[in-house]
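J.: predicted model and sequence below, questions to follow.
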2 protein chains.
Amino acid sequence: MALKLTGTPKSSCTLKVLLTLAEKGISNYEFIDIDLMKGEQKVPSHLAKQLFGVVLILEDGEISLYESRAICRYLARKYDNVGTPLLPDLSNLTKMGYFEQWASVEMAILMLITGEPKNEELVHSLLATLAQKLDVYDGAILAKQKYMAGDTFTLVDIFYMPLMSYMFRMGFGHMITDRANVKAWGRVYKNNFPFNAIRLTKLDFLLPSRIKIFALKPVRLEHCNN
Amino acid sequence: MALKLTGTPKSSCTLKVLLTLAEKGISNYEFIDIDLMKGEQKVPSHLAKQLFGVVLILEDGEISLYESRAICRYLARKYDNVGTPLLPDLSNLTKMGYFEQWASVEMAILMLITGEPKNEELVHSLLATLAQKLDVYDGAILAKQKYMAGDTFTLVDIFYMPLMSYMFRMGFGHMITDRANVKAWGRVYKNNFPFNAIRLTKLDFLLPSRIKIFALKPVRLEHCNN
């Protein structure tokens, strides 16, 4: 039975999973594109599978999973022997330790970007903190390692991708491009992206000819934390 | 060489690691208690190991790790064969899939509690969202499974512990105790907690005789996201 993915390419979480499938060269999946504007993620049949009423669900036979990072990890393990390797050697305690460290750093920085700031003062405060964090990425992390979890491309790079694109959409792309190593990481990502493997035409806004580094063209992108 | 943990029991992230060590029955570690008020987490020798200047570092020979959840995962794997099992069978794709889903749910709810709300309106908005999430925990998750990641106790339960305690400290303990299944989960946690294994006397505020469910006595608790 083919994988069934319920989501929308407008959601950053769905993008993470689509990018993972693309890296793995998996195109044999059914994609159920739900309409957030119509509240299709809140109907009982969806809520039965996604208890919190957010968009993303992966079904694989009897398995029904949500949370984008968990789905990406599941896919990376299930298809361990095809496409781009996206996880370190699971039996290597040290490598897994650092992988989990960097995966956790990504979740922590996400909190700065996707909270619910409702006033300008708070937004400025969050942006100042984010700038400090990006300085660490630029000066200490990506100055020493090529990718976000070490010297090889992993799921953690994929986890950042929609987020970084989102920053361009929000008008903060300069926070990426002003930092040479962060900018270089974005370029490496873009150049390695397996564009041919992507079958969903809605993903074409990620194509390099349309973007500067990884900025998206102006389409409405729903960001979610899950 | 013994493990070396740098942190402070006042930090929720440090508590997660101490709880993990306790569950594993590991007492052969050196604990470096740093003073946040003196800014000891910002000195160059600390920053060399913790790039973001937050408190927690685990050193194990050549390995130097940060991020509390990554450290807990590392310890749970390293000491896989002793103490409480805290991870599902790593070779079981399905079990790992669900474990990662629940671990990710914990990170997502954390964002609601530990943002930087600076005005009352925002706090009320976050609390309303948190109440909705807790209703899902109570009515749909913990009504069907005993623990936060399924029917066995895992690291995910440990990840919630300091956070839940923190809610009591902030005066929102009723959000836990008003929900029967969430409250019951707290009791199960408390009753299974391996108190005897804890060697740090500062941790005594977690002892059951001093707490109602898992409320802490009023000491200043530094919360951190890492």
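T.: That came in fine, so what should we check first?

J.: where does pLDDT dip in chain A?
T.: A:1, A:110-122, A:165-166, A:168-170, A:187-226 (pLDDT under 70).

J.: how does it look with 80?
T.: Scanning chain A for pLDDT under 80 picks out A:1, A:9-12, A:108-126, A:161-173, A:186-226.

J.: scan it for its longest helix.
T.: helix A:93-113 (DSSP state H).

J.: which elements pack onto the helix or strand following it?
T.: Heading C-terminal from helix A:93-113, the first helix or strand you meet, by DSSP states H and E, is helix A:120-136. Contact here means 3 or more C-beta pairs under 8 Å, 6 or more residues apart in numbering or on different chains; DSSP states H and E; on that basis helix A:120-136 packs against helix A:93-113, helix A:174-177. (Each C-beta comes from the backbone N, C-alpha and C, glycine too.)

J.: shouldn't residue A:35 be in contact with residue A:8?
T.: Yes. Residue A:35 is in contact with residue A:8 according to C-beta atoms under 8 Å; the separation is 7.3 Å.

J.: near the closest residue to residue A:34 other than its chain neighbours, how many other residues are there?
T.: Leaving aside its sequence neighbours, residue A:34 sits nearest to residue A:40 (C-beta to C-beta, 6 or more residues apart in numbering or on different chains; 4.1 Å). Per other C-beta atoms under 10 Å in any protein chain shown, the neighbour tally for residue A:40 reads 16.

J.: next: residue A:174.
T.: Neighbours of residue A:174 under the rule other C-beta under 10 Å: 10.

J.: likewise for residue A:151?
T.: Count around residue A:151 with other C-beta under 10 Å applied: 9.

J.: ok, now which ones touch it?
T.: Each residue near residue A:151 by C-beta atoms under 8 Å, 6 or more residues apart in numbering or on different chains is listed here: residue A:145.

J.: quick one, strands of chain A?
T.: With strands called from DSSP state E, chain A shows them at A:3-7, A:29-33, A:57-60, A:63-65.

J.: say whether chain B is contacted by the first one.
T.: No. Using C-beta under 8 Å from any C-beta of the partner chain, strand A:3-7 stays clear of chain B, with a minimum separation of 12.5 Å.

J.: show me what that strand pairs with in its sheet, parallel or antiparallel.
T.: Strands adjacent to strand A:3-7 in the sheet, as given by DSSP bridges, are strand A:29-33 (parallel), strand A:57-60 (antiparallel).

J.: I'd like to know which of the helices and strands packed on helix A:120-136 is closest to chain B.
T.: Distance to chain B, taken as C-beta to the nearest C-beta, is lowest for helix A:93-113 among those, at 3.7 Å.

J.: for that closest one, packing partners?
T.: Using 3+ C-beta pairs under 8 Å, 6+ apart, helix A:93-113 is in contact with helix A:120-136, helix A:155-169, strand B:63-65, helix B:68-78, helix B:93-113.
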